[in-house]
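1. next comes the sequence, and after it the predicted model I'd like to discuss.
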2 protein chains.
Amino acid sequence: MAFSRFARTLASLASKQTEPSCSIAQRAFATTTTVNGIPVEVHNESGSKRVVVTKSLPGDRWLQYLVKAGCRVEVCKHPDIILSNAIIKQLLGGKCDGVIGQLTEDWGSELFEALRQAGGKAYSNYAVGYNNVKVDEATKRGIPVGNTPGVLTETTAELAAALTLAAARRVPEADVFMRSGQYKGWLPTLFVGQLLQNKTVGIIGAGRIGAAYARMMVEGHKMNLVYYDPYPNKQLEEYIRLYGELLRHRGEPPVACRRVETVEEVLKEADVVSLHCNLDASTKHLINSQRLAIMKKDAVLVNAARGPCIDEAALVAHLKANPDFRCGLDVFEDEPAMKPGLADCPNAVIVPHIASASLWTRSGMATLAAANVAGVLSGYPVWNKQDILPFVEKPMTAVPAAAPSIVNAKELGLKMASD
Amino acid sequence: MAFSRFARTLASLASKQTEPSCSIAQRAFATTTTVNGIPVEVHNESGSKRVVVTKSLPGDRWLQYLVKAGCRVEVCKHPDIILSNAIIKQLLGGKCDGVIGQLTEDWGSELFEALRQAGGKAYSNYAVGYNNVKVDEATKRGIPVGNTPGVLTETTAELAAALTLAAARRVPEADVFMRSGQYKGWLPTLFVGQLLQNKTVGIIGAGRIGAAYARMMVEGHKMNLVYYDPYPNKQLEEYIRLYGELLRHRGEPPVACRRVETVEEVLKEADVVSLHCNLDASTKHLINSQRLAIMKKDAVLVNAARGPCIDEAALVAHLKANPDFRCGLDVFEDEPAMKPGLADCPNAVIVPHIASASLWTRSGMATLAAANVAGVLSGYPVWNKQDILPFVEKPMTAVPAAAPSIVNAKELGLKMASD
């Protein structure tokens, strides 16, 4: 197969890691310096509070929050993708009021102690999750920990939809074929894929992201839904019932929604299966060789949830044995590495953990992380509503005087914003 | 940019044209021989009527139609992608009762005369369109010409949706990055793309495919629709009005649909623009440099309609000047060639005219083409309903005794099937 030859050729070129271009307005006003030998980009040089941001962030609204709160902002430009604790401690230096850090960093006793000693009063993860943060260690030192909920659902679900369509219609494989000049004329058998309409989509996990994805497939492609979740999603079921009635009323075939008792029932019935579960002991290797074997031979499997939910080595073997089986993967068991052989599978679509990578979401996450740090440093109370969009979308003059999401607010006894 | 380096490397490997694998059950029962030196695959060797099929077709139902009608079927295996008239005449030989041919072939006086002299009584294009057929030349010789309507709409619209999502979320670019081993760890700025939800989709041409695509985007991604078409699509407008009411009733933001008077209004307003127009003098270079200039700088442009509707050289210049602008292309101005520079654009998703390439559609097209030829050779009347799905989906024992779609039935005075 030509594709695996291309993949190997590509792999042989794989030495360089380029930082993708990012058109951020504030870059023009930044200066650069070094902190203990580490290059940093400095914004609002004269700010009295020093905030360290461990990675470049998209958009520019986040910076407005910090500048408005009187912060000097230093964005780390170290070439390492994953920063070690040693580097982060050098970055914090002797005086640091707040930090915006990453899921890829190890925020435990070592770093929170260093932050406390530098006079730090606020930390925010640039993520909704905080598996990388030992919150107790922060609480013990009086440091509020922020996260960025409420802006990832639709963007993540849309990436799962993009992977579904790309896998079903073999888009990356066809793009490489075209780009490499192999197209010589239309053929009836060239890159024949799968139609989604009126087929069955299965989801494992019908929480917010799973339900959003399910609706994209049901409404966008008139697919029937079968789902497994320990808890029924009554709102989703009721919506699909009403939507099916609209279709019937218009003389179109209706769509159905059914919750089943086992993962196996989903795998047997569905033409497309997308994972939207958490990772825990019960979902590690949820998709293994036995379960792959009961799926349809030409099914599409999508994972934009957590890498270890799939036994990736078993998936590689299944892809090789079943050329009509396709998958779309955003996450990997040994991320950033892939299991041997995956990169050679033309029937896999593989992207580097970009489920939340829309400009709206990623700049929204930056805004929330910055508003957490700026809010705490300004002495604001903590926001007490689910809806955090006012921080992301209101004019800067009208945003609430609050820190949008502090996960240890209760433990620290922080004041909550009144309605 | 790393991607263009990869593209060049890929291009340097571009000598070979592989025929994609296609798991067709009947292959096991076929024998091979040569006709005037051209290799052919023979099915139902003892059939009394000889039918020539100029390219391998997907699925196997099509073959059942021809075998049931007593045909010996010879599938051309010549290595040329585009068959010359000379090769096709050699294939027809001295006795040929019917042919299934391709859009890439020139069916005019020369080939129809050769077919008539070989005793031919039926021709079907493997396509819904028949720009490549001089129907008059067939009619003049008493030869019915079939086509394959009614099975392409949803598959084509889904490919346009797949291109939209792939371009908005940079899927092929990210896939090459991942496959080439460049991913070293999660970054906030890695492959940041566009969220579709609540944005505006614009379509040029609201016929069957355009309307199907519009609904995928409106219902799947809650996009507002703005469209240009000389004729209003009242059914689409009414559906979106009712759908918007369902959303409002559920407490969700409704969606809107608006027809505008000019192409320019669509281009100015829309975040995603998809072309679904015919190609004629008024739509050649419909998208040119002036019109690209009025589009949003980070818009997505999709063309799964006809290549020459876009001034492709102007598009290449626009893609190079606007790195945040993206496009998804299934068709090309000089197909199978691309304009210089397109293959180096990381912000283009490019696939080789595969809009109708779902197994359901392509095997449905094969079924309809075979049913046309088998029906005419069996002396059946011509089907007189729009809905041709009975030919594609009913058990073989229950399909109508008719030729599903003969474009010159009236001119030839063929009998129509009664209801």
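-> Cool, got the structure. Numbers count the residues shown, from 1 in each chain, chains lettered A, B, ... in the order given.
2. gap between the residue most central in space within chain A and A:L301?
-> Among the residues of chain A, the smallest C-alpha distance to the mean C-alpha position (C-alpha atoms, centre = their mean) belongs to A:S356, namely 3.7 Å. A:S356 sits 21 Å away from A:L301, going by C-beta to C-beta, to the nearest Å. The way it works is simple: take the backbone N, C-alpha and C, and place the C-beta from them, glycine included.
3. circling back: residues in contact with the residue nearest to the centre of chain A?
-> Contacts for A:S356 were tallied using C-beta atoms under 8 Å, 6 or more residues apart in numbering or on different chains; they are A:L152, A:T155, A:T156, A:L159, A:R362, A:M365.
4. what's the longest helix along chain A packed up against?
-> Among the elements of chain A assigned as helix by DSSP state H, the one spanning the most residues is helix A:359-377. Applying 3 or more C-beta pairs under 8 Å, 6 or more residues apart in numbering or on different chains; DSSP states H and E, we find helix A:359-377 packed against strand A:49-53, helix A:61-68, strand A:71-76, strand A:98-101, strand A:122-125, strand A:145-146, helix A:389-393.
5. for these, give me JSON lines that also has distance to B:I310.
-> As requested, the helices and strands packed on helix A:359-377 are arranged in JSON lines below (distance: least, C-beta to C-beta, whole Å):
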{"stretch": "strand A:49-53", "distance to B:I310": "41"}
{"stretch": "helix A:61-68", "distance to B:I310": "35"}
{"stretch": "strand A:71-76", "distance to B:I310": "40"}
{"stretch": "strand A:98-101", "distance to B:I310": "43"}
{"stretch": "strand A:122-125", "distance to B:I310": "44"}
{"stretch": "strand A:145-146", "distance to B:I310": "46"}
{"stretch": "helix A:389-393", "distance to B:I310": "35"}
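6. and the closest residue to chain B within the stretch 151-300 of chain A, what helix or strand is that in?
-> Each residue of the stretch 151-300 of chain A has a distance to chain B, by C-beta to the nearest C-beta, and the smallest belongs to A:G220, at 2.3 Å. Under the criterion DSSP states H and E, the helix or strand holding A:G220 is helix A:208-221.
7. can you tell me what sits against the helix or strand that that helix is followed by?
-> Scanning the chain past helix A:208-221 towards its C-terminal end, the next helix or strand to appear is strand A:224-228 (assignment: DSSP H and E). Residues lying outside strand A:224-228 but in contact with it, judged by C-beta under 8 Å, 6+ apart, are A:198-206, A:210, A:214, A:217-218, A:233, A:240, A:255-263, A:265-266, A:269-270.
8. just the buried members of those?
-> Burial by neighbour count, 16 or more other C-beta atoms under 10 Å in any protein chain shown: within those this picks out A:199-206, A:210, A:214, A:217-218, A:233, A:240, A:255, A:257, A:259, A:263, A:265-266, A:269-270.
9. which outside residues touch stretch A:272-291?
-> Counting by C-beta under 8 Å, 6+ apart, stretch A:272-291 makes contact with A:160, A:164, A:168, A:196, A:199-207, A:209-210, A:213, A:217, A:223, A:263-264, A:266-267, A:295, A:299-306, A:308-311, A:314-315, A:317-318, all of which sit outside it.
10. which of those fall within strands?
-> Secondary-structure check on the contacts of stretch A:272-291 using DSSP state E: residues within strands are A:T200, A:V201, A:G202, A:I203, A:I204, A:V300, A:L301, A:V302, A:N303.
11. gap between the fourth one and A:N147?
-> If I follow you right, that is A:I203. Taken as C-beta to C-beta, the span from A:I203 to A:N147 is 25 Å.
12. now the helices for the stretch 301-419 of chain A?
-> A:312-321, A:359-377, A:389-393, A:409-412 (DSSP state H, counting those that start in this stretch).
13. near chain B too, which of the contacts of strand A:224-228?
-> Intersecting those with the contacts of chain B gives A:M217 (criterion: C-beta under 8 Å from any C-beta of the partner chain).
14. if we can go back for a sec, ok, so of the ones in strands among the contacts of stretch A:272-291, who is nearest B:S56?
-> Using C-beta to C-beta, the shortest approach to B:S56 within the ones in strands among the contacts of stretch A:272-291 belongs to A:V300, at 24.5 Å.
15. was I right about the closest one contacting A:A168?
-> Yes. Between A:V300 and A:A168 there is a contact at 5.3 Å, judged by C-beta atoms under 8 Å.
16. hey, what's in contact with both of these two?
-> A:Q194, A:V272, A:R326.
17. mind putting the helices and strands packed on helix A:359-377 into CSV with distance to B:G185 and mean pLDDT?
-> What follows is these, written out as CSV (distance: least, C-beta to C-beta, whole Å; pLDDT from 0 to 100):
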stretch, distance to B:G185, mean pLDDT
strand A:49-53, 17, 98
helix A:61-68, 21, 97
strand A:71-76, 14, 98
strand A:98-101, 14, 98
strand A:122-125, 16, 98
strand A:145-146, 22, 98
helix A:389-393, 26, 95
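18. can you put those in TSV and add distance to chain B and mean neighbour count?
-> TSV is the format used below for the helices and strands packed on helix A:359-377 (distance: least, C-beta to the nearest C-beta, whole Å; neighbours: other C-beta atoms under 10 Å in any protein chain shown):
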stretch	distance to chain B	mean neighbour count
strand A:49-53	10	25
helix A:61-68	10	21
strand A:71-76	11	23
strand A:98-101	10	28
strand A:122-125	12	28
strand A:145-146	15	28
helix A:389-393	11	18
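19. most neighbours, which of the shared contacts of A:V300 and A:A168?
-> In terms of neighbours by other C-beta atoms under 10 Å in any protein chain shown, these top out with A:R326 at 28 neighbours.
20. report the contact partners of it.
-> Under the criterion of C-beta under 8 Å, 6+ apart, the neighbours of A:R326 are A:A167, A:A168, A:R170, A:G193, A:Q194, A:D298, A:A299, A:V300, A:L301, A:N347, A:A348, A:V349.
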